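[1] Got a predicted structure here, sequence first:
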Amino acid sequence: MLRGHINGSGRIFNIPNWARHLPPAARELGLNIACDIQDVVDPADPYCQDFIRYADYLFFSAANHPDPRPVMKYYLSINPEVVILATLGANGCAIAATSGIKHFPAVQLDLPVVDTNGAGDAFAAGFLFSRVLEGRELEDAVRRGQICARHKCAQQSSSADMITCELLNHYDH
């Protein structure tokens with residue numbers, strides 16, 4: 001299912017089985033493709049392979065992999081052009097590309113942790129907004145994605161109190 005719309009330049013896909021034919025069509029149109037493969041248990045799970053193969057940006061939760069580097073290296077072997085973003089909860093996140101793997105510690109905001117539901121989606125949205133729409137450098141987009149995730153963790157899980165551009169910019173001073 002189409003999860004969101006990133007102006008005319010890209011799409012982020014969820015991974016229901018019926019959506020696997022959409023990334024090749026998006027690729028033919030020259031669109032950037034972001035896929036969220038959720039919490040990975042088995043990196044070689046055949047269900048996710050099509051999404052990994054076509055993604056420009058690949059997001060996953062490393063909750064089942066305290067060291068996400070082997071998973072990231074495996075995904076790069078399938079798609080060497082992808083930028084992989086693994087969320088590590090309170091330990092921050094890691095990104096991988098052909099240039100290597102880099103760890104980013106969690107951002108610190110003076111906010112309580114109330115509920116972590118939706119943090120990964122908030123991270124992806126903040127990252128993609130900053131990177132694709134605003135054209136920010138990779139490190140800036142990662143930080144802003146982490147700010148969005150951290151803000152989401154301070155909210156009860158719902159669509160209320162979503163972070164605004166103004167609040168994101170305030171936290172990213």
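    Cool, the structure landed.
[2] What strands line up against the longest strand along the chain, and which way round?
    The longest strand of the chain (DSSP state E) is strand 32-39. With DSSP bridges as the test, strand 32-39 is paired with strand 10-13 (parallel), strand 57-61 (parallel).
[3] among these, where is the model least confident on average?
    Mean pLDDT is lowest for strand 10-13 out of the strands paired with strand 32-39, coming in at a mean of 55.
[4] one step back: and the next helix or strand past the longest strand of the chain?
    Sequence-wise, the next helix or strand downstream of strand 32-39 (DSSP states H and E) is helix 49-54.
[5] So which bits of that next one are buried?
    By neighbour count on 16 or more other Cβ atoms under 10 Å, the buried set for helix 49-54 is 50-54. Yep, even glycine has a C-beta here, placed from its N, CA and C like the rest.
[6] out of the residues you listed, who's nearest residue 155?
    residue 51 (28.3 Å; Cβ to Cβ).
[7] roughly how far apart are the closest residue to that closest one other than its chain neighbours and residue 166?
    The shortest distance from residue 51 to any non-neighbouring residue, by Cβ to Cβ, 6 or more residues apart in numbering, is to residue 35 (4.2 Å). Distance, residue 35 to residue 166, using Cβ to Cβ, to the nearest Å: 29 Å.
[8] Pick out whichever of those two has more residues nearby.
    residue 35 (27 against 8; other Cβ atoms under 10 Å).
[9] so what's that one up against?
    For residue 35, the contacting residues are 12-13, 15, 23, 51-52, 54-55, 57-59, by Cβ atoms under 8 Å, 6 or more residues apart in numbering.
[10] Phi first, then psi, for the spatially most distant residue from the centre of the chain.
    Distance from the C-alpha centroid of the chain peaks at residue 110, with 23.2 Å (Cα atoms, centre = their mean). With angles defined as degrees, to the nearest 10, residue 110 sits at phi -80, psi 70.
[11] Now do it against residue 99, distance only.
    Separation of residue 110 from residue 99 (Cβ to Cβ): 33 Å.
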